[in-house]
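>>> Build the 3D model from these lines:
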Amino acid sequence: MKKAICLFITAFIIIFSSFNNEYNDAPKIIIVAGKINNYEPNLQLSLGVNRLGFDQELILAKIDSSGNFLATIESRIPLDVWVAYKTNFLVLLNPGDSLFVQFDGKYNDRPELLETISFGGNAAEVNKNVAKFQQLYFSNKIYHDWDKLNELIKEWDFAQYIQYLDSALSELNKIYERFIAENNLDNISKKWALLFIEGAFYSRLGSYAFSKQYFVGGAKNVYIPKGSYDRLANRLPIDTSMFINADALGNFSDLFRYYVIDKLRDRETNGEWEIIPGIGVIEGASAITDSILIFSTIEFVNDPLLLQIMLTQIFDQNFERQDIAVYERFQDVANTYIKEPFLRIPLQQKYLQTKQMIENPQIYTEAVLKETANLSINQIMDDIFQKNKGKVIYVDIWATWCGPCLSQMPISKLMEHEFKDEDVVFVYICLESEENQWKILLAQFQLDGQHYLLSNKQSSEIRNLLSITGIPFYLLVDKHGVIREKGSHLRPSSMDVRDKIRELLN
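Next comes the predicted model:
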């Protein structure tokens, strides 16, 4: 591994300029290698690659019994990547970079882990600074206050929430000022930290509507005043200098969809479709909805780079649901507006891969598909608890059309690996979905575990039984078949869900 460090000679280059031919070249390889001290062999290290316009890509690192790891990434543009092992942290990378990362694997708290981290290779200096900023941010009370926001959202209206976020943004700027004062920084590190703060703000601004509907019984009971997202347009234009923090720019482009749909509120619908106030959800026939989303994005997004990212997101979200029909129907639109190679080429490749998967689904041989057609929901739940008695059961309730559900599946695969030698069973209950689509997605994610597909009637019954107002939804069941905890907060990406499983194992 030490010899590998000597190979890390690629220059670190970021050009803060208008869009140019730098990003028209073929993708370059990025190498991320390193060493985990105090490595636990049953744990996997993964890289969550933040790709603009696309769902986060999960890459499993090759790792030996001593904790030496290696992973490669292809990219045409700068990006930041979540390195995940017990907890996670961000590293900043450019096409052609080679980065060596070493840290102590005994910590599952970000600030403690970041205290032990060291870097080598041509991307070392900027990542030292990026790690210092994360240590300041993740150890600050404002980050931990945000963990408690869901409790406050239950009582707050949108105006109160915005007032809080503005005060939080002021506190975040103080973290940045301290970062500047305590370190001798290059312009890239400064830019990345500023974008990180923006991304944290955008992420929380977007989370209000999603969290609020959980407390008030659905999206139709949430109200956000018109014009509430106008401040997003004031941020434009975006430029290539923002590529260094794809996590933040991705949060911004995700949230800008709310701005677009807010502009549609005054349109006549003729009863064909309906915008739920403030949520950014369009209800109605699928073909109409797709058309509205695509053409309203073209109409209201005046920034050419943001427009391309957002259109790519629309098509990619359909691919994640194993739906290629939307892309095929609007391929002329994609070809007309999505011109940049870092978006256009991967989008076409993903279309072809998804098409191949749909035409040739191969379900993982260790997945157990359960027959449920003639069973009541009580019989299904009893089957789950009785057949897995004496084991901890982690239940994932999802649907093929649910983007947030699907985004958690690769992380579920990691959890399965982590607990493969433990008395833990993973059960996946799919609601309100077509059987063919269900099997295609199981083939894509290659999950182990036990899989149930419920009819619409059974889906309604389990929603009522468990008081489910939104998915994904999770259950933690102890060895005696008692539901110890339930809710959307138990998703695999949550850093404490593994600790909760281990507590039930003891």
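
>>> buried residues in stretch 131-141?
131-140 (16 or more other CB atoms under 10 Å). For every residue, glycine as well, the C-beta is placed using N, CA and C.

>>> could I get the residues you listed as a markdown table with distance to residue 160?
Shown next, in a markdown table, are those (distance: CB to CB, whole Å):
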| residue | distance to residue 160 |
| --- | --- |
| 131 | 35 |
| 132 | 34 |
| 133 | 29 |
| 134 | 29 |
| 135 | 31 |
| 136 | 28 |
| 137 | 24 |
| 138 | 26 |
| 139 | 27 |
| 140 | 22 |
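
>>> Compile those residues into a markdown table and extend it with columns for secondary structure.
Formatted as a markdown table, these follow (DSSP: H, G, I helix; E, B strand; the rest coil):
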| residue | secondary structure |
| --- | --- |
| 131 | helix |
| 132 | helix |
| 133 | helix |
| 134 | helix |
| 135 | helix |
| 136 | helix |
| 137 | helix |
| 138 | helix |
| 139 | helix |
| 140 | coil |
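
>>> what residues are up against residue 461?
376-377 (CB atoms under 8 Å, 6 or more residues apart in numbering).

>>> Name the helix or strand for it, please.
Assigned by DSSP states H and E, residue 461 belongs to helix 456-466.

>>> how about the following helix or strand past that helix as PDB, C-alpha atoms only?
Where DSSP H and E defines the elements, the next helix or strand beyond helix 456-466 is strand 473-477. Presented in PDB, the C-alpha positions along strand 473-477 are these (Å, rounded to 0.1, in the frame of the first residue of the first chain):
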ATOM      1  CA  PHE A 473     -41.200   2.800   6.800                       C
ATOM      2  CA  TYR A 474     -39.200   0.400   9.000                       C
ATOM      3  CA  LEU A 475     -39.800  -1.900  11.900                       C
ATOM      4  CA  LEU A 476     -37.300  -3.200  14.500                       C
ATOM      5  CA  VAL A 477     -38.600  -6.500  16.000                       C
END
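
>>> Could you give the average pLDDT over strand 473-477?
Taken as a whole, strand 473-477 has a mean pLDDT of 92.

>>> strand partners of that strand, parallel vs antiparallel please.
Take DSSP bridges as the rule and strand 473-477 pairs in its sheet with strand 392-398 (antiparallel), strand 483-487 (antiparallel).

>>> How far off centre is the helix or strand residue 111 falls within?
Assessed by DSSP H and E, residue 111 sits inside helix 110-116. With CA atoms, centre = their mean, to the nearest Å as the basis, helix 110-116 stands 23 Å off its chain's centre.

>>> what's the answer for stretch 380-388, then?
On CA atoms, centre = their mean, the centre of stretch 380-388 falls 31 Å from the chain's centre.

>>> In the protein, where's the longest strand?
Secondary structure of the chain per DSSP state E: the longest strand is strand 28-37.

>>> Next secondary structure element downstream of that one?
strand 46-49.

>>> partners of that following strand, with directions?
Here strand 46-49 has these sheet partners by DSSP bridges: strand 57-60 (antiparallel), strand 79-85 (antiparallel).

>>> average pLDDT across the next helix or strand after the last one?
Helices and strands here follow DSSP H and E; after strand 79-85, the next one along the chain is strand 87-93. When pLDDT is averaged over strand 87-93, the result is 93.

>>> Now do strand 87-93 and strand 28-37, the angle between them.
With axes from the mean of the first three to the mean of the last three CA atoms, to 10 degrees applied, the angle from strand 87-93 to strand 28-37 works out at 140 degrees.

>>> list the contacts for residue 229?
Counting by CB under 8 Å, 6+ apart, residue 229 makes contact with 255-256, 258-259, 262.

>>> For my notes, please list these in JSON lines and give distance to residue 368, secondary structure and neighbour count for each entry.
Output for these, formatted as JSON lines (distance: CB to CB, whole Å; DSSP: H, G, I helix; E, B strand; the rest coil; neighbours: other CB atoms under 10 Å):
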{"residue": "255", "distance to residue 368": "39", "secondary structure": "helix", "neighbour count": "20"}
{"residue": "256", "distance to residue 368": "42", "secondary structure": "helix", "neighbour count": "28"}
{"residue": "258", "distance to residue 368": "40", "secondary structure": "helix", "neighbour count": "21"}
{"residue": "259", "distance to residue 368": "44", "secondary structure": "helix", "neighbour count": "18"}
{"residue": "262", "distance to residue 368": "45", "secondary structure": "helix", "neighbour count": "22"}
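
>>> export the helix holding residue 111 as PDB, just CAs?
The C-alpha trace of helix 110-116 is given here as PDB (Å, rounded to 0.1, in the frame of the first residue of the first chain):
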ATOM      1  CA  ARG A 110     -17.700  11.900  12.900                       C
ATOM      2  CA  PRO A 111     -15.700  14.500  14.900                       C
ATOM      3  CA  GLU A 112     -13.700  11.700  16.700                       C
ATOM      4  CA  LEU A 113     -13.000   9.900  13.500                       C
ATOM      5  CA  LEU A 114     -12.000  13.100  11.700                       C
ATOM      6  CA  GLU A 115      -9.500  13.800  14.500                       C
ATOM      7  CA  THR A 116      -7.600  10.700  13.400                       C
END
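
>>> Do you know the pLDDT at residue 318?
Value for residue 318, per-residue pLDDT: 88.
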